[in-house]
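K.L.:
The sequence isn't on hand, but the structure is:
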């Protein structure tokens, strides 16, 4: 069964990583958290240590349904600095399989030249890192291959979009309702 791989590097944004994992696991999607540090514990931008499921070197990623990169700084630049991860991303891209990122992390795909000519979104101020892309400023931008979010406030919506892609709109709506997200929207909180 194909898996969703979420990659962790020091300085990742907590909400962006954990929201995606949470929403996808609620939909029973197989999610594997991966450390790029050589140690299973990775510390977030807000000094929260997270223990991942695996180390980068332990997996081969041929069964990747989606590669997902949480943002945060310096998490996003630390992800880009990992040569092995860039090779995995390129293989996923060339196979036409989905790639996701949020906040500052689209810079990884941008620096690799994978976003040229595509509509994108990212945290304000990182647009210059998205070589040849068309930044929209939208909360989320999803196309045939990329699932991108603007920042922490986009994390749940991006998670629901990923669930919709893999499980259908009905399942995404079910998860969304179960998390009371529509109530937050009605209250003006989202």
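P.N.:
That came through fine. Please read these numbers as outputs of a predicted model, since none were measured by experiment.
K.L.:
alpha carbons only for contacts and neighbour counts from here, please
P.N.:
OK.
K.L.:
Give me the residue ranges of the protein where confidence is low.
P.N.:
Applying pLDDT under 70 to the chain flags the ranges 183-190.
K.L.:
Which stretches in it count as helices?
P.N.:
14-26, 75-80, 83-94, 106-111, 155-167, 169-178, 181-186 (DSSP state H).
K.L.:
Which stretch among those helices is buried most, on average?
P.N.:
Greatest average neighbour count among these goes to helix 106-111 (a mean of 24), per mean count of other Cα atoms under 10 Å.
K.L.:
ok, back up a step: export the helices of the chain to CSV and tack on distance to residue 40?
P.N.:
Conversion of the helices of the chain to CSV gives the following (distance: least, Cα to Cα, whole Å):
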stretch, distance to residue 40
helix 14-26, 15
helix 75-80, 15
helix 83-94, 16
helix 106-111, 22
helix 155-167, 23
helix 169-178, 29
helix 181-186, 32
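K.L.:
who wins for proximity to residue 67 among the ones you listed?
P.N.:
Comparing the helices of the chain by their distance to residue 67 (Cα to Cα), the top pick is helix 83-94, with 7.2 Å.
K.L.:
which residues are contacting the closest one?
P.N.:
Residues outside helix 83-94 that contact it (Cα atoms under 8 Å, 6 or more residues apart in numbering) are 36, 61, 64, 67, 79-80, 98-99, 114, 145.
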